[in-house]
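Trainee: Let's see this in three dimensions:
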Amino acid sequence: MSPSTLLYDTHGAIASITLNRPDRLNTIVPPMPDEFEAAINEAVHDDAIRVIVLRGAGRAFCAGYDFGGGFEHWDRYITTDGRWDPGKDFAFATAPQLAPTQKFMSMWRSPKPVIAQVHGWCVGGGSDTALCADLVIASEDARIGTPYARMWGAYLSGMWLYRLGLTRAKEYALTGKPLSGREAADIGLINRAVPFAALEDAVHAQAQQLASIPASQLAAMKLVVNQAYENMGLAGTQTLGPILDGLMRNTPDAHAFIDRAGGDGVRAAVAQRDGPFGDYTQAPPEQQPDPENVVPPRPDWA
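Mentor: This next block holds a predicted model:
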């Protein structure tokens, strides 16, 4: 069956995976994690492919998990008789065969390097996902952040922690404040930031460079770096994070947040959460992604 939430294309040695829910800012719903893992597996099994590019169609890379109606699209895994079941939730959130985070982590486990092409909003679970890639290149006006640090979540992939040192990791964990693509590159969260008009070409040029290297050499160098971070406890962090995320989605404050979203709309709930900080959608236009910067469903080179 053709995937319903993303597009998969190949051209020469490069495969592209494009998150394709542009009308919803590519927010994460089922079956996106499963389709993502299947696309990564397809690229891994294709001997012609050496590099994978991850991108998002429309105005955003990915605006995180879709919580407009709570989390009802995951209910079979996290509720019993209509009520949150913490036993189900932790089992779902930590099982490699089920957990969305582990589905997206398939790019970390891929022997082929993955380049994330980030533009627009890259927030919440979207940032957790993008930072699992091997290289991240963003448009300068992109906004990368974890607003769930303030309400209704916890770090999932842990990549914010491993890409930043203690001082900055603690700052962004406690405040949830976003970074522009330029700021993210300047502090080393991502590899590079370029003007939006140059983004696709910059990613393609990087992919072509990597594709000129033998596949076994790419796999060896990726493996040795990944193993160093595995030795730092990455797997343990990724076990704890989703468990805490489940708990933080079910505190009295979190329930009030979702009730506000259900009654007054997501915008109202988000405004209440982010208003004191004056960022994300509560920021002035010049501190938000340019809404005119739109990525087509398929890359120009595909």
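Trainee: which intervals of the stretch 51-200 of the chain have sub-threshold pLDDT?
Mentor: In the prediction, the stretch 51-200 of the chain carries residues with pLDDT under 70 at positions 69-70.
Trainee: Show me the strands in it, by range?
Mentor: Secondary structure of the stretch 51-200 of the chain (DSSP state E, counting those that start in this stretch): strands located at 51-56, 79-80, 83-84, 114-118, 121-123, 135-139, 143-145, 179-180, 192-194.
Trainee: okay, those strands in JSON lines with distance to residue 232 next?
Mentor: C-beta here means a position set from N, CA and C on the backbone, and glycine is covered the same way. JSON lines is the format used below for these (distance: least, CB to CB, whole Å):
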{"stretch": "strand 51-56", "distance to residue 232": "24"}
{"stretch": "strand 79-80", "distance to residue 232": "34"}
{"stretch": "strand 83-84", "distance to residue 232": "32"}
{"stretch": "strand 114-118", "distance to residue 232": "20"}
{"stretch": "strand 121-123", "distance to residue 232": "24"}
{"stretch": "strand 135-139", "distance to residue 232": "19"}
{"stretch": "strand 143-145", "distance to residue 232": "22"}
{"stretch": "strand 179-180", "distance to residue 232": "23"}
{"stretch": "strand 192-194", "distance to residue 232": "24"}
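Trainee: For residue 104, which of the ones you listed is the nearest?
Mentor: Distances from residue 104 to each of these were compared using CB to CB; the shortest belongs to strand 51-56, at 9.5 Å.
Trainee: could the strands of the stretch 51-200 of the chain be laid out in a markdown table, adding distance to residue 165 and mean neighbour count?
Mentor: Output for the strands of the stretch 51-200 of the chain, formatted as a markdown table (distance: least, CB to CB, whole Å; neighbours: other CB atoms under 10 Å):
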| stretch | distance to residue 165 | mean neighbour count |
| --- | --- | --- |
| strand 51-56 | 25 | 28 |
| strand 79-80 | 39 | 14 |
| strand 83-84 | 35 | 12 |
| strand 114-118 | 21 | 27 |
| strand 121-123 | 21 | 29 |
| strand 135-139 | 17 | 27 |
| strand 143-145 | 17 | 27 |
| strand 179-180 | 15 | 21 |
| strand 192-194 | 19 | 20 |
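Trainee: Go through the ones you listed and name the closest to residue 13.
Mentor: Closest to residue 13 of the strands of the stretch 51-200 of the chain is strand 51-56 (CB to CB; 6.3 Å).
Trainee: For the closest one, output the C-alpha coordinates as PDB.
Mentor: In PDB, the C-alpha atoms belonging to strand 51-56 read as follows (Å, rounded to 0.1, in the frame of the first residue of the first chain):
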ATOM      1  CA  VAL A  51      22.200   8.600   1.600                       C
ATOM      2  CA  ILE A  52      18.800   9.400   2.900                       C
ATOM      3  CA  VAL A  53      17.300  12.900   3.000                       C
ATOM      4  CA  LEU A  54      14.400  13.700   5.400                       C
ATOM      5  CA  ARG A  55      12.200  16.700   4.700                       C
ATOM      6  CA  GLY A  56       8.700  18.100   5.300                       C
END
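Trainee: Contacts made by it with the rest, please.
Mentor: Contact with strand 51-56 is made by 13-19, 22, 26, 40, 43, 61-62, 107, 110, 112-120, 126, 130, 133, 203-204, 207, 210-211, 218, 295, 299, as judged by CB atoms under 8 Å, 6 or more residues apart in numbering.
Trainee: for stretch 290-298, same thing?
Mentor: With contact meaning CB under 8 Å, 6+ apart, stretch 290-298 is reached by 7, 9, 16, 18, 20, 22, 55-59, 117, 119-120, 139, 141, 196, 200.
Trainee: Check which residues of stretch 81-96 are buried.
Mentor: Of the residues in stretch 81-96, those with enough neighbours to count as buried (16 or more other CB atoms under 10 Å) are 84, 85, 88, 89, 90, 92, 93, 94.
Trainee: Revised request: answer the last question for stretch 101-113.
Mentor: Taking 16+ other CB under 10 Å as the neighbour-count basis, stretch 101-113 is seen to contain the buried residues 101, 102, 103, 104, 105, 106, 107, 108, 110, 112, 113.
Trainee: Look up how far residue 241 lies from the fifth one.
Mentor: Distance of residue 105 to residue 241, given as CB to CB, to the nearest Å: 12 Å.
Trainee: tell me the phi and psi of residue 29?
Mentor: With angles defined as degrees, to the nearest 10, residue 29 sits at phi -140, psi 160.
Trainee: can you offset everything so residue one is 3?
Mentor: Will do, 3 is the new start, and the previous item becomes residue 31.
Trainee: I figured it was touching residue 66, is that so?
Mentor: No. Under the criterion of CB atoms under 8 Å, residue 31 makes no contact with residue 66, lying 10.9 Å away.
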